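[1] need the 3D shape of this:
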Amino acid sequence: MIVYSATKARFHDDVMTNDIDGIIHSAFESATGRTTGKSEIHSWKSSLEYMERVLRDNEIPFDAGVAIEYHLPQTSKRIDFILTGQDRDRRESAILVELKQWEKAELTRSDAIVITRFKRGPAETLHPSYQAWSYKQLLEDFNQTVQEEHIGLYPCAYLHNYEDDGVITNPFYGDYLKKAPVFLKPDALKLQQFIKSHVRYGDTTRIMYRIEHGKIKPSKNLADELASMLHGNREFVLIDDQKMVFEKAKWLAEQASERDKKVLIVEGGPGTGKSVVAINSLVSLTGKDHVVQYVTRNSAPRLVYEARLTGHFRKTRISNMFSGSGSFHAVPPNTFDCLIVDEAHRLNEKSGMFSHLGENQIKEIISASKLSIFFIDEDQKVTLKDIGDKEAIRTWAKKLGAEVVEVSLESQFRCNGSNGYLAWLDNSLQICETANETLDTREYDFRIVDFPAELHDLIREKNKLSNKARMVAGYCWDWISKKNPMLKDIVIGDYRATWNLETDGQAWIIKPDSASEVGCIHTCQGLEVDYIGVIVGPDLVVRDGRVLTRPAERSRMDKSIQGWKKLLKDDPEGGAVRLDAIIKNTYRTLMTRGQKGCYVYFVDDETRRFFAGRMQAVPAVEAVTEKPVMPAHEEPATVLPFRRLGPGEVRPYENCVPLYDLKIAAGGFSDEQQLDDCEWVELPEAFRSQKGLFVAQVVGESMNRRIPNGAWCLFRIASAGSRNGKVVLASHREIADTDTSGHYTVKIYESTKENLADGSWRHLSIILRPDSYLPGYEPIVLSKDQAEELRVVAELVVVLG
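    Numbering: from 1, shown residues only. Sure thing, here's the model as predicted:
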């Protein structure tokens with residue numbers, strides 16, 4: 001996703017309006033459906049004006065491409081500024097610029113880490129060169145088009161307020177400075193030269209459009225890459241807070257000793273890279289001859305990792321690296337240099353099959369190691385036995401004389417990098433209030449299906465791509481097939497399915513034939529797939545807008561809430577809160593296992609309607625099953641965002657505006673048009689009827705980021721003035737729009753002009769850009785001669801619905 005896309009010439013014009021921050025903010029809201037903070041808006045105004053001055057060089061072509069706030073695919077990260085074009089040898093190039101308003105920084109002893117001042121005070125952060133380089137690596141890792149089409153990526157950083165004090169340019173950061181040079185306050189001319197060395201000619205091949213709509217490489221899965229990582233290969237680029245936490249872990253490992261024990265608490269939600277950082281720490285510290293183990297309470301991740309490593313390493317080495325959390329009750333103090341505890345929220349108090357060994361797993365882990373690293377998400381506690389929380393870790397660390405350091409991971413890599421989806425999920429499950437009351441499914445492929453068989457068919461189809469799609473469900477059905485394989489466990493109407501086979505055990509999620517089975521929280525927590533299908537059972541329902549949990553609907557075979565009746569009897573209020581949290585956390589965890597998509601079937605109809613009502617209407621995407629064909633005499637009911645008026649009600653442009661059929665009227669809008677031949681509609685209360693306005697329906701997917709297919713829109717007849725960046729209805733005899741099958745189109749208008757000697761001007765080119773999340777839509781480019789015949793009919797005012 002690109003928030004703002006233009007040519008250098010148009011970017012210059014937009015900056016000269018003295019409202020570049022407003023233009024970018026408006027584009028940001030249109031592209032993402034949300035707003036942003038004042039500090040980011042201010043940074044756009046400041047930094048982009050500096051960049052525009054750098055580009056004021058005639059050797060930097062006016063038709064070079066400018067992209068601002070490019071959203072890296074499958075992450076929550078954005079590249080500040082990209083300039084595209086061709087170098088001296090006509091090779092395609094993209095310059096990636098990380099913009100900073102810093103004025104001072106301090107050295108640290110950690111790789112790629114500096115200290116600078118933020119609003120909250122001084123804090124450690126990434127060196128800008130590392131940040132720019134890591135974004136380049138991510139783009140290459142995710143985007144197949146970049147590599148296959150040999151598009152050169154050249155990262156750099158521009159700190160336009162920073163006087164050189166020997167810190168940012170210190171040789172300690174030399175490796176990253178070579179990979180991504182940094183330009184400081186006096187270096188505008190040097191940055192110009194850097195740009196001109198890579199962009200000598202304009203972007204005539206729509207480089208960023210091809211990158212944005214290009215092939216995306218399959219997502220990397222930690223389990224699949226583990227063997228390569230343990231052999232010393234770089235498989236994941238740690239970015240931003242991930243790199244910060246990784247370096248903090250390495251530094252603490254060097255500092256920790258028997259007399260100076262350390263505890264590092266790393267808090268992070270689903271998809272923030274906890275396991276990636278944990279495994280990278282395991283590899284790094286093991287490589288420095290530290291005695292390290294990776295620890296989890298849940299056996300599923302360990303067994304999956306061990307299965308992936310079998311054949312690459314000896315079994316003894318594998319078992320020495322991975323351990324359950326109940327292994328330390330009899331271990332002497334400080335036996336390990338470091339214990340890395342993933343999914344620390346799942347730790348239990350006692351160990352052993354009968355929960356009779358040791359005193360407390362948190363205490364025993366801290367005691368057994370000089371450095372203990374706890375990766376934790378308290379909202380993923382899913383059983384009554386789970387005791388892992390930050391307060392308990394702090395308490396035991398204090399008792400054992402260990403210093404506690406706390407950090408957090410916030411960057412989102414699962415769920416297509418959509419923080420909005422996670423916030424919406426928390427809000428919808430009523431775990432916590434967020435501003436995300438509705439979900440825009442353009443960010444993440446989330447669907448609600450009407451039948452469980454339809455859900456399973458969808459998952460089987462997705463699984464054909466790379467064996468990374470699985471079905472899961474709340475544990476609301478007994479596992480009767482465990483004793484009789486001929487029986488089906490999950491029965492919902494005509495749908496029949498079994499829980500995952502016992503023969504596959506906890507490694508079910510990677511077995512090639514297991515897409516036909518259904519997993520549960522115990523076999524998928526701590527792991528991920530590309531697509532997850534979730535059956536929400538009767539243990540979570542919505543009544544009158546309230547999300548209610550029903551522990552009695554859980555299977556008696558599920559041990560997660562064993563003893564819940566006694567708990568409610570002993571502590572009715574506190575017990576109810578704990579049970580409510582466990583059931584909601586279970587579905588939150590299940591619904592965040594998918595990197596690319598999550599599809600859900602709700603057993604309860606009212607619950608299904610509640611969640612469906614919290615999704616924005618967006619164009620439908622691919623479906624596995626065909627939609628039923630409506631009989632000829634039946635038409636689906638349509639709710640229009642306006643009211644059609646009868647002949648006796650019409651007072652043109654006082655209480656109504658015309659409704660035009662674009663296929664008929666696009667070529668003939670004018671004040672002289674015969675108004676008797678059109679319908680008249682009453683606008684919603686927020687809009688005042690006036691001459692020049694009209695309503696029309698826009699069809700097609702070429703503008704679906706802003707205008708859903710079939711949406712009714714309010715337009716204004718075009719008048720004089722700049723139209724750059726506006727959505728327009730335009731017509732031209734050479735346009736053949738695939739959506740409308742006509743000579744008119746609805747697109748984003750962009751033009752470049754040249755001033756003539758007599759003080760007049762003329763168009764050099766006009767580009768009508770699509771704004772679609774679907775591939776295949778290319779800009780309509782009109783040459784100087786063609787541009788003179790383009791007619792801009794109207795400008796979009798608003799999408800009515």
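[2] which strand or helix spans S93?
    strand 92-100 (DSSP states H and E).
[3] just checking, what packs against that strand?
    helix 38-54, strand 78-86, helix 128-142, strand 152-159, helix 188-198, helix 207-212 (3 or more C-beta pairs under 8 Å, 6 or more residues apart in numbering; DSSP states H and E). All C-beta atoms are positioned from the backbone trio N, CA, C, and that covers glycine.
[4] same for the first one, what does it pack against?
    Right, helix 38-54. helix 8-16, helix 20-32, strand 78-86, strand 92-100, strand 152-159, helix 188-198.
[5] over to the shortest one?
    The criterion is 3+ C-beta pairs under 8 Å, 6+ apart, and the helices and strands that helix 207-212 contacts are strand 2-7, strand 65-71, strand 78-86, strand 92-100, helix 144-148.
[6] quick one: strands adjacent to the second one?
    For strand 65-71, the pairing partners within the sheet under DSSP bridges are strand 2-7 (antiparallel), strand 78-86 (antiparallel).
[7] ok, which of these comes nearest S722?
    strand 2-7 (12.6 Å; C-beta to C-beta).
[8] contacts for the closest one?
    Residues outside strand 2-7 that contact it (C-beta atoms under 8 Å, 6 or more residues apart in numbering): 14, 23-24, 27-28, 31-32, 62-71, 78, 202-203, 208-209, 212, 724-725, 750, 752, 767, 769.
[9] quick one, that strand and helix 38-54 angle?
    Interaxial angle of strand 2-7 relative to helix 38-54 (axes from the mean of the first three to the mean of the last three C-alpha atoms, to 10 degrees): 20 degrees.
[10] show me how far strand 2-7 is from its chain's centre.
    19 Å (C-alpha atoms, centre = their mean, to the nearest Å).
[11] is it true that K104 touches D165?
    Yes. Taking contacts as C-beta atoms under 8 Å, K104 lies within contact range of D165: 7.3 Å.
[12] rewinding a little: want to throw the helices and strands packed on helix 207-212 into a markdown table with mean neighbour count, distance to N170 and mean pLDDT?
    Formatted as a markdown table, these follow (neighbours: other C-beta atoms under 10 Å; distance: least, C-beta to C-beta, whole Å; pLDDT from 0 to 100):
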| stretch | mean neighbour count | distance to N170 | mean pLDDT |
| --- | --- | --- | --- |
| strand 2-7 | 24 | 33 | 87 |
| strand 65-71 | 24 | 29 | 90 |
| strand 78-86 | 23 | 23 | 93 |
| strand 92-100 | 23 | 16 | 96 |
| helix 144-148 | 16 | 31 | 83 |
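[13] so which of these comes closest to P658?
    strand 2-7 (32.8 Å).
[14] got the angle between that closest one and helix 20-32?
    Going by the same axes, to 10 degrees, strand 2-7 makes 120 degrees with helix 20-32.
[15] surely Y495 meets F451?
    Yes. Counting by C-beta under 8 Å, F451 is a contact partner of Y495 at 7.2 Å.
[16] could you export the strands paired with strand 65-71 as CSV, including distance to I521?
    Below are the strands paired with strand 65-71 laid out as CSV (distance: least, C-beta to C-beta, whole Å):
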stretch, distance to I521
strand 2-7, 37
strand 78-86, 33
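[17] so F246 belongs to a helix, correct?
    Yes. Per DSSP: H, G, I helix; E, B strand; the rest coil, F246 lies within a helix segment.
[18] please name the nearest non-neighbouring residue to P73.
    Excluding the flanking residues, the one nearest P73 by C-beta to C-beta, 6 or more residues apart in numbering is F142, at 4.9 Å.
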